[in-house]
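Peer 1: got a predicted structure plus its sequence, pasted below:
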Amino acid sequence: MIANTLGSEQCEPDGIGPEMVVYLYEPPMRGMVVVDNTRRGPALGGTRMAPDVSTREVLRLARTMTLKNAVAELPFGGGKSAILFDRLVAGPEATRRVVEAFARRIRDLPAYIPGPDLGTNEADMRIIYGITGRVGGIPDGLPIDALGVTGFGVCVAARTAAARMAMPLQGARVAIQGFGNVGSAVARYFQRDGARLVAVADVFGDVYAPEGLDVAELLELFRRKRPMIEARCGRRLPRGGVLEVPCDVLVPAARPDAIHEGNVGALKARLIVQGANIPATAAAEGLLHRRGIVNVPDIIANAGGVIGVACEAAHRTTEEMFQAVESTIARRTDELLERVAREQVTPREAATRMALERLFA
């Protein structure tokens, strides 16, 4: 059944996966790996680090990777892993020991290729690579997201969708929830397109300026690992307020289920482009569709990172990598919106059909 795909309300095996759920324990390290599906190749998916990651979240993220890699026709299956740890509290030395323990525990899981994700970084990946000999997204000195490939792909999806909506990006108001590697790159590329960034948020709070924020100041704060609320160019909003500001494009690029039934009615965006994986519940996505808000799901919008990993594995140049991301995401976004209109389904349903057709081709 196409509809049964480990969505927000379904985490049981369904014929696609999961193939393997492994819990890891080497005190003080606790973690898990989900290998969802290896039909197209080894399971590729990032390693998330946070103290409150649940098995349900990792299962859903692993399924997202299966569908994302399939819809982009990449030679990878889908997987995900998590380390249950708070690096901000523990400090760098304790974090290094925990990452080393995690790498030792996944060394004998050759079906899984880890990569950077929320809460992990280039240094963590180099530790994992040194112990396991495998990691996705670190080409000769620069991790994929340091190149801004995922954020670039998000902007390609937005540009493609906006063109179909006859909505110019020049002067368009953009709000970004999450200002990490992906969100900061999205800000850079939208600025190049002439868009106006009006609101951002990170784990410390939300900032808003209807006339436009100073992207250079925000990027400097990000480079110095400082909170966005220190920006002088905007005013603070209540936590979660970034989702509710008047804007043309909203990019949720933070944690899962940030958009849910409790806040979806307050969203004022015309277009949502998902920079994070599973940033909205299934019910909220249905409500967005009924309200006429265009929504480009994660498995299409933020596939730039995994496309970049595939290009790296094929020894493509950086220029070729960006060309592949642009052409693939533009084509898939066009296909998505065409199918939504033709088949009278939600964007999530259309994107999932696109992925499963390719997965079982």
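Peer 2: Done, it's in.
Peer 1: rest of the way, CA atoms for contacts and neighbours
Peer 2: Will do.
Peer 1: could you pull out the strands for the stretch 201-350 of the chain?
Peer 2: 205-208, 235-237, 249-252, 271-273, 294-296 (DSSP state E, counting those that start in this stretch).
Peer 1: packing partners for the longest strand that the chain contains?
Peer 2: Counting residues, the longest strand in the chain under DSSP state E turns out to be strand 29-37. Applying 3 or more Cα pairs under 8 Å, 6 or more residues apart in numbering; DSSP states H and E, we find strand 29-37 packed against strand 20-26, strand 43-44, helix 55-71, strand 77-83, helix 92-106.
Peer 1: centroid residue for this protein?
Peer 2: Closest to where the C-alpha atoms of the chain average out (Cα atoms, centre = their mean) is Ala276, at 3.0 Å.
Peer 1: now that one. Nearest residue, chain neighbours left out?
Peer 2: Using Cα to Cα, 6 or more residues apart in numbering and skipping residues adjacent in sequence, the residue nearest Ala276 is Ala253, 4.1 Å away.
Peer 1: cool, and Ala157?
Peer 2: Excluding the flanking residues, the one nearest Ala157 by Cα to Cα, 6+ apart is Ala301, at 5.5 Å.
Peer 1: close enough to count as contact, the one you found and Gly275?
Peer 2: Yes: between Ala301 and Gly275 there is a contact at 6.6 Å, judged by Cα atoms under 8 Å.
Peer 1: between these two, what contacts are shared?
Peer 2: Val154 (Cα atoms under 8 Å, 6 or more residues apart in numbering).
Peer 1: circling back: of all the strands of the stretch 201-350 of the chain, which lies closest to Thr38?
Peer 2: Closest approach to Thr38 among those is made by strand 294-296 (25.2 Å; Cα to Cα).
Peer 1: rewinding a little: roughly how far apart are the residue nearest to Ala157 and Leu169?
Peer 2: 17 Å (Cα to Cα, to the nearest Å).
Peer 1: returning to what we had before: of the helices and strands packed on strand 29-37, flag the one that's most buried.
Peer 2: Greatest average neighbour count among those goes to strand 77-83 (a mean of 30), per mean count of other Cα atoms under 10 Å.
Peer 1: that strand - contacts with which helices or strands?
Peer 2: strand 29-37, strand 43-44, strand 47-49, helix 55-71.
Peer 1: pairing partners for that strand, with directions?
Peer 2: strand 29-37 (antiparallel), strand 43-44 (parallel), strand 47-49 (parallel) (DSSP bridges).
Peer 1: export it as PDB, just CAs?
Peer 2: Taking Å, rounded to 0.1, in the frame of the first residue of the first chain, the C-alpha atoms of strand 77-83 are listed here in PDB:
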ATOM      1  CA  GLY A  77      18.900   3.000   0.700                       C
ATOM      2  CA  GLY A  78      17.600   4.800   3.800                       C
ATOM      3  CA  GLY A  79      18.700   4.900   7.400                       C
ATOM      4  CA  LYS A  80      19.200   7.100  10.400                       C
ATOM      5  CA  SER A  81      21.000   7.100  13.700                       C
ATOM      6  CA  ALA A  82      21.000   9.000  17.000                       C
ATOM      7  CA  ILE A  83      23.200   9.600  19.900                       C
END
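Peer 1: which outside residues touch the very next helix or strand once past it?
Peer 2: Using DSSP states H and E, the helix or strand that follows strand 77-83 in sequence is helix 87-90. For helix 87-90, the external contacting residues (Cα under 8 Å, 6+ apart) are 50, 94-95.
Peer 1: for the residues you listed, which one is nearest Leu24?
Peer 2: For these, the nearest to Leu24 is Ala50 (14.8 Å; Cα to Cα).
Peer 1: Ser81 is in contact with the closest one, correct?
Peer 2: No: the pair Ala50 / Ser81 is not scored as a contact, 11.1 Å apart, by Cα under 8 Å.
Peer 1: including mean neighbour count, mean pLDDT and distance to Gly262, could the strands of the stretch 201-350 of the chain go into TSV?
Peer 2: Putting the strands of the stretch 201-350 of the chain into TSV (neighbours: other Cα atoms under 10 Å; pLDDT from 0 to 100; distance: least, Cα to Cα, whole Å) gives the following:
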stretch	mean neighbour count	mean pLDDT	distance to Gly262
strand 205-208	23	96	18
strand 235-237	17	94	18
strand 249-252	28	98	16
strand 271-273	24	98	17
strand 294-296	24	98	18
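Peer 1: I am finished for the moment; much appreciated.
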